[in-house]
Every structure is written in C-alpha cells, then in structure tokens.
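Asker: next come a sequence and a model predicted from it.
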Amino acid sequence: MFKSDCAECQLSIGFIQEDLMTNLLKSIGLPIERFTDREAASGILLLISAALAVGLTNSQWGPMFQSFWQTPLGGQVGNYALQKPIVLWVNDGLMAVFFLLVGLEIKRELLVGELSDMRAAALPIAAAVGGMVVPAGIYLSINGTEQNAEGWAIPMATDIAFSLGILALCGRRLPVTIKIFLTALAIVDDVGAVLVIALFYTASIQIELLVAAGIIFFILFGFNRVGVRSLWFYLIPGLVVWFLFLKSGVHATIAGILLAQLIPVQTRTDTNAFTTDMRQLIDRFAQNGQPGRHIITQPDRQQSLHLMRERCNAIETPLEKLEHALLLPVSFLIMPVFALANAGFSFDSFSEITLGGVFPAVALGLALGKPIGIVVFTYAAIRLGLARMPAGTGFGHILGAGLLAGIGFTMSLFIAGLAFEDKTLEITRAAIIMGSLLAGISGFLLLRWVNHLTSPR
C-alpha cells in the first residue's frame, strides 16, 4: 500500500513538473510565436538589418565590415571553380532560396489566389504594369545617359514583406480587399522583376550548360507527371540546376523560380479517404482513454494521434509543405542577411549626388512613379471596363497601396547589385532606402487617414 501511494505521489509530482515545464515553455515561446506570426515582423527585421548595415559601414569598423563581405569562399567542382566573395554567395546562393519561395507563391496565386480568376486578376495586373512602366520612364527621363541607363529596372520593384508589413500596421479596419489587391500586385511585380533579370541582366550564355539544366527540368517534369511527391526528388536535382545556371551566365536565382513551377500540388491521398480515416481515428481517440489533459499515459490515444499526423501529412501538398518550411528561414534569416550584405552605403556618397544622377532617378521612381503608375493604370482599367474596384475600397486606398508598393528595398537592392558597382552602387543603395522610406511613411499616413475617414463612428 505504501509503495502504491509513493508511486501515485511520484506520478502526481511528474504531472506537476510537466505542467510547470509546459507553462514555462509557453511563457517563453508565445511571445516569439506571436512575433513571427505578425506580417510586420520580417519587415521590422529587414529595417533593423538595413540600419545596422548603414551604421556599421559608417563606423570605425566600416572597412572591416565591407572587407568581410568581399572575402573569397568556395572551392573546385570538377573543371569549374566555385569561389566567390561572401556577398555573392548571399546574392546568388541564399537569394535563390528566396526566389524559390517567390516562385511557390506565384504558382499558388495562379492556382487558387487572386490571379486564378482573370476577371479578378485584371486590376492588380494593370496596376502592376503601371507600377513598372512609369517608374522606369521616370528613371530614364532623369538619368537616361548611356553610362547609368542599365539601372532603369531598379525602381520597378516592390518589396512584398515591407509593404504588407506596413499595411498590417495601418489598422484592422482597412478592407481586406486592399490587402488582397496589394499582395496580387506585388506577386505580378515579382514576375515582372524575374523576367527583367532573366532578359536584361544576363551575362554571356553557355548554351551547353543550359541544355543540361533543361534536361534535368524535363526529368523533374516527368517526376511530377507520374506522381512523385517526395520533395528530395526535386530539391537535390534543383541544386544541380542552380549550379548549372550559375556557371551558364543566366542569373542563378532564376533556377529557383523555374524549380518552383515543377513542385507538385496534388496530395498523396484522396480527400474522401482522408475524411473517413480522420473520423475513425477521432472516434478511436474519444473511446480509448480517460478525460483529462495527460494523454501521455494513454498509449491508445498516442497511437491515434500519431496516425492523425500521418494522415494530415499525406493530405498536405508538397507545394504547401515546402512553402511553409521556407517561410521562416527566408523571412527571418535569408532576407536580413541579404540586407546586411547589400544595404550599406557611406554617407560620403551623398556628396556625389547630382540632380540628373541615379539618386533622384531611383528615389523619385519609387516614391512618385510607383503610386502614379498604379493609380493611373487602375483608373484606366476600371473606366475601360476591364476590371472592377475591389469591394469596400476607393482610390484613396489604391493610392495608399501604390505608395506602399513604392517600397522597393529587397528586389531593388538585388537589381542594383546586378546593374552597378562601386560608388554608383552606393549612391543607388542610398536612393533605394530613402525612396522606400518616403513611400512607406507616406503610404502609412495616407492609409491611416483614409481608414479614419471611412471607419464608422
């Protein structure tokens, strides 16, 4: 009897310790979980990383900070040397993962999102076209010289993380349709940026390497068609394709976009079978155990939970699995590292700013060209009957979204690194940051004001 009582006491103490540990983990984990769930979180980290890059560049550690990113890293693969400065490993390597995520978002948007319905997609497509054409026109009109004309695509870009992050700070009363509009616009903008990079920022091409990459893509297409669902069958060959693109002259990040289009979207199991199995497992869970919170002592329920997880894993598409797996590392690691490596500029570069140079061309293209192009093309599409205004929104919302779309940052910095180098690149970085800040602050203030005017009193 005494031993039995002691055993019960130990079990009770074990449960108490488990509860204490659970509550402790919750108290630590919930704030982190809430932060990472916020749409503004990745934008905040990007801003911190950019500010840190600028601060370090202009500090006493500036030369050391800049030389770190130029440190060679790599080795030899067969006859091909794979040695690059760290900054290029970030831009060509880590950013290929970023573009893979962008490609997955594009594919999902085309399948089930706002872009899956041509009638609904007409407005964000028109807005995105205006948001690319007008900024490029402003850039060329200010700085269309032969020396710096290759930077025309820099103000065309939209940073989806920053723009949606600031939109999330504008208040919950904003119509959800404006978020959908801005997201679809940014996705179309990404498609345009990828096409521009592929067509206009490609070095001399080695056809034989592209042919080899094409053969691998054809094999992956075959995997998709015969029902191969394991992501490793796509990601490992995708790494080889990345290397082939890297050495071919076509920018390596394009490999990520193309690979995403081959990731399967079909599930492993039929939805009816999933529903039947889950009902049976839930019934089994309910019937085999006692009420309470400590199912760890109930092996039948543990087995039921294990089988439920297997069924849920089987019903989730490979595209969703990969997108969910990449979202946190891209948002909270790859993009901040990219900002650290690419956003730094010396304050001395301000002394070289001219009225007809890249600084006003980029800054005005982002802060002025983006909203003008988006509003004008949106208005034209609606007036011509090609599209309809999103429910609950007005042109005040569209203008605010257009200003937020002027936050170029990540993609603009990426294109700037392809177009320029040295002092011109530093001036361009400063212009991107200043133009993006002006667009972001203006868009935030305008949407807050519109939200206040249209909210019920």
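Answerer: Yep, it's here.
Asker: tell me the phi and psi of the closest residue to residue 204 other than its chain neighbours?
Answerer: Of all residues not flanking residue 204 in the chain, residue 249 sits nearest, at 5.1 Å (Cβ to Cβ, 6 or more residues apart in numbering). Placement of C-beta: from N, CA and C, glycine included. Residue 249 adopts backbone torsions of phi 110, psi -20, taken as degrees, to the nearest 10.
Asker: so where is the protein shaky, pLDDT-wise?
Answerer: 1-40, 77-81, 144, 146, 203, 293, 454-457 (pLDDT under 70).
Asker: rerun that using 50 as the cut-off
Answerer: For the chain, the stretches flagged by pLDDT under 50 are 1-37.
Asker: what ranges does it have for its strands?
Answerer: Assigned by DSSP state E, the strands in the chain fall at 72-77, 80-85.
Asker: right, and residue 183 touches residue 158 too?
Answerer: No. Here residue 183 lies out of contact with residue 158, judged by Cβ atoms under 8 Å, at a distance of 10.4 Å.
Asker: higher neighbour count, these two?
Answerer: Neighbour totals were compared for residue 183 and residue 158, and residue 158 leads with 33 against 21 (other Cβ atoms under 10 Å).
Asker: check contacts around that one.
Answerer: Shown in contact with residue 158 (Cβ atoms under 8 Å, 6 or more residues apart in numbering): 131, 185, 186, 189, 190, 370, 405, 406, 407, 408, 411.
Asker: could you find the closest non-adjacent residue to the second one?
Answerer: By that I understand residue 185. residue 124 (4.4 Å).
Asker: do the third one as well
Answerer: In space, and not counting its chain neighbours, residue 186 is closest to residue 160: 4.0 Å by Cβ to Cβ, 6+ apart.
Asker: same deal with the last one?
Answerer: Of all residues beyond its chain neighbours, the one nearest residue 411 is residue 157 (3.4 Å), with distances taken as Cβ to Cβ, 6+ apart.
Asker: need the contact list for that neighbour.
Answerer: Residue 157 touches 189, 193, 408, 410, 411, 412, 414, 415, counting by Cβ under 8 Å, 6+ apart.
Asker: cutoff 7 Å now
Answerer: For residue 157, the contacting residues are 189, 193, 408, 411, 412, 415, by Cβ atoms under 7 Å, 6 or more residues apart in numbering.
Asker: next up, phi/psi of it, please.
Answerer: phi -80, psi 160.
Asker: distance check, it against residue 448.
Answerer: Separation of residue 157 from residue 448 (Cβ to Cβ, to the nearest Å): 25 Å.
Asker: and for residue 104?
Answerer: 32 Å.
Asker: repeat that for residue 254.
Answerer: From residue 254 to residue 448 the distance is 38 Å (Cβ to Cβ).
Asker: the two: who's more crowded?
Answerer: residue 254 (22 against 15).
Asker: for that one, which non-adjacent residue is spatially closest?
Answerer: Using Cβ to Cβ, 6+ apart, the nearest residue to residue 254 is residue 198, at 5.2 Å.
Asker: now do residue 156
Answerer: In space, residue 156 comes closest to residue 132 once its chain neighbours are excluded; the distance is 4.3 Å by Cβ to Cβ, 6+ apart.
Asker: distance of the one you found from residue 105?
Answerer: 18 Å.
Asker: so the two - more neighbours on which side?
Answerer: Neighbour totals were compared for residue 132 and residue 105, and residue 132 leads with 25 against 21 (other Cβ under 10 Å).
Asker: do I have it right that the more buried one meets residue 154?
Answerer: No. Shown here, residue 132 and residue 154 do not form a contact pair, counting by Cβ atoms under 7 Å, at 11.3 Å.
Asker: quick one, domains of the chain?
Answerer: The chain breaks down into these domains under automatic domain parsing: 39-202+251-266+317-454, 271-314.
Asker: so which of those is the most surrounded?
Answerer: Of all those, domain 39-202+251-266+317-454 has the most neighbours on average by mean count of other Cβ atoms under 10 Å, namely a mean of 20.
Asker: report the contact partners of the residue lying closest to residue 357 once chain neighbours are set aside.
Answerer: Using Cβ to Cβ, 6+ apart and skipping residues adjacent in sequence, the residue nearest residue 357 is residue 143, 6.1 Å away. Residue 143 sits next to 356, 357, 358, 361 when contact means Cβ under 7 Å, 6+ apart.
Asker: can you check residue 326 too?
Answerer: 97, 100, 101.
Asker: residue nearest the centroid of the protein?
Answerer: residue 102 (5.7 Å; Cα atoms, centre = their mean).
Asker: residue 190 is in contact with that residue, correct?
Answerer: Yes. Counting by Cβ under 7 Å, residue 102 does reach residue 190; the two are 5.2 Å apart.
Asker: mind listing what residue 432 touches?
Answerer: Here residue 432 is in contact with 154, 362, 408, 409, 412, 413, 416 (criterion: Cβ under 7 Å, 6+ apart).
Asker: residue 334 is in contact with residue 99, isn't it?
Answerer: No. Taking contacts as Cβ under 7 Å, residue 334 lies outside contact range of residue 99: 10.3 Å.
Asker: can you tell me which of the strands of the chain is nearest to residue 50?
Answerer: Taking Cβ to Cβ, strand 80-85 is the member of the strands of the chain nearest to residue 50, at 19.9 Å.
Asker: for the residue lying closest to residue 436 once chain neighbours are set aside, give me phi and psi.
Answerer: The shortest distance from residue 436 to any non-neighbouring residue, by Cβ to Cβ, 6+ apart, is to residue 407 (4.4 Å). For residue 407, the backbone dihedrals (degrees, to the nearest 10) come out as phi -80, psi 100.
Asker: my guess is residue 407 contacts residue 159. True?
Answerer: Yes. The criterion here is Cβ under 7 Å, and residue 407 meets it with residue 159 at 4.9 Å.
Asker: quick revisit: show me the two of the contacts of residue 158 that sit farthest apart.
Answerer: Longest span within the contacts of residue 158, Cβ to Cβ: 190 and 406, 15.2 Å.
Asker: any idea how far residue 440 is from the nearest residue to residue 170 once chain neighbours are set aside?
Answerer: If the residues on either side of it in the chain are set aside, residue 170 comes closest to residue 447, at 4.2 Å by Cβ to Cβ, 6+ apart. Remark: distance between residue 447 and residue 440 (Cβ to Cβ) = 11 Å.
Asker: do the same with residue 50
Answerer: 12 Å.
Asker: show me the contacts of residue 158 that map onto helices.
Answerer: 131, 185, 186, 189, 190, 370, 405, 411 (DSSP state H).
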